[in-house]
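1. The following comprises the amino acid sequence and a computationally predicted model.
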Amino acid sequence: MVFKNRLAYFGLITLFYFLCCTAAPVAAQAQASSADEALRASVNRFIDEWHDDAAHARWRYFDKIAKNGIFIGTDKTERWDRDAFKLWAKPHFEKKSAWAFTALHRNVYFSSDRQFIWFDEQLKTQFGLCQASGVIRATAKGFEIEHYQLSMAIPNDVANQVTALIDAYESKPKK
């Protein structure tokens, strides 16, 4: 009878140990997953607001770009730091709308310390379907865009035709 009690006692200790060792990591993983989703939602809101600022020509659009942040546009000459980009975009922002980008799909990733976030997105734009990628830094004041690159999504089946158009355009004498 003593053996049965010891066996039951050992079984309870083993069960308790198993539950403690497996439940804590599962709970931590669920908590991390919830925090991950909250961060992704915050980042998505931030980027959507940034695009909306441009769509409504709100100057705070540029406040979301880090002071030394880089914006690379679709033209091969379009690589600006924030202040140069702001100067270039001034005529567009003096209108009711600068440009309108609507995200169709976005992937968001981040470093383990949550200080750096990178993303890629597909956008509906005045150029048709575009793709972009960016890097965001989390600061005490919120998010800042460190780098953003926009490109036109050209189907591979027409890439040779597009390349020929570009070559013809660039071979023309400059005025």
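-> It's in.

2. switch to C-alpha atoms for all contacts and neighbour counts from now on
-> Will do.

3. now the strands for the chain?
-> In the chain, the strands defined using DSSP state E lie at 65-72, 79-81, 102-110, 116-125, 128-139, 142-152.

4. Name every strand pairing with the shortest one and say which way it goes.
-> Spelled out, that is strand 79-81. If you go by DSSP bridges, strand 79-81 pairs up with strand 65-72 (antiparallel).

5. tilt between the strand it pairs with and strand 128-139?
-> Calculated by axes from the mean of the first three to the mean of the last three CA atoms, to 10 degrees, strand 65-72 forms an angle of 150 degrees with strand 128-139.

6. List the buried residues in strand 65-72.
-> 65-66, 69-72 (16 or more other CA atoms under 10 Å).

7. What distance do you get for Val135 to Phe71?
-> 11 Å (CA to CA, to the nearest Å).

8. if we can go back for a sec, now mean pLDDT and distance to Lys175 too, for the strands of the chain, in a markdown table please.
-> Formatted as a markdown table, the strands of the chain follow (pLDDT from 0 to 100; distance: least, CA to CA, whole Å):
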| stretch | mean pLDDT | distance to Lys175 |
| --- | --- | --- |
| strand 65-72 | 98 | 25 |
| strand 79-81 | 98 | 23 |
| strand 102-110 | 97 | 36 |
| strand 116-125 | 97 | 30 |
| strand 128-139 | 97 | 29 |
| strand 142-152 | 97 | 26 |
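
9. Turn those strands into JSON lines, including distance to Val43.
-> Shown next, in JSON lines, are those (distance: least, CA to CA, whole Å):
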{"stretch": "strand 65-72", "distance to Val43": "14"}
{"stretch": "strand 79-81", "distance to Val43": "22"}
{"stretch": "strand 102-110", "distance to Val43": "8"}
{"stretch": "strand 116-125", "distance to Val43": "8"}
{"stretch": "strand 128-139", "distance to Val43": "9"}
{"stretch": "strand 142-152", "distance to Val43": "8"}
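
10. and His51, which of those is closest to it?
-> Nearest of the strands of the chain to His51, taken as CA to CA: strand 102-110 at 7.2 Å.

11. For the closest one, which strands pair with it and how are they oriented?
-> Counting by DSSP bridges, strand 102-110 is paired with strand 116-125 (antiparallel).

12. Please identify the buried residues of the strand it pairs with?
-> Here strand 116-125 shows 116-123 as buried, counting by 16+ other CA under 10 Å.

13. Show me which of the residues you listed is closest to Ser34.
-> Ser34 has its nearest neighbour among these in Ile117, at 16.8 Å by CA to CA.

14. Grab the nearest non-local neighbour of that closest one.
-> Phe110 (4.2 Å; CA to CA, 6 or more residues apart in numbering).

15. before we move on, what about Phe116?
-> Arg137 is the one closest to Phe116 (CA to CA, 6+ apart), at 4.7 Å.
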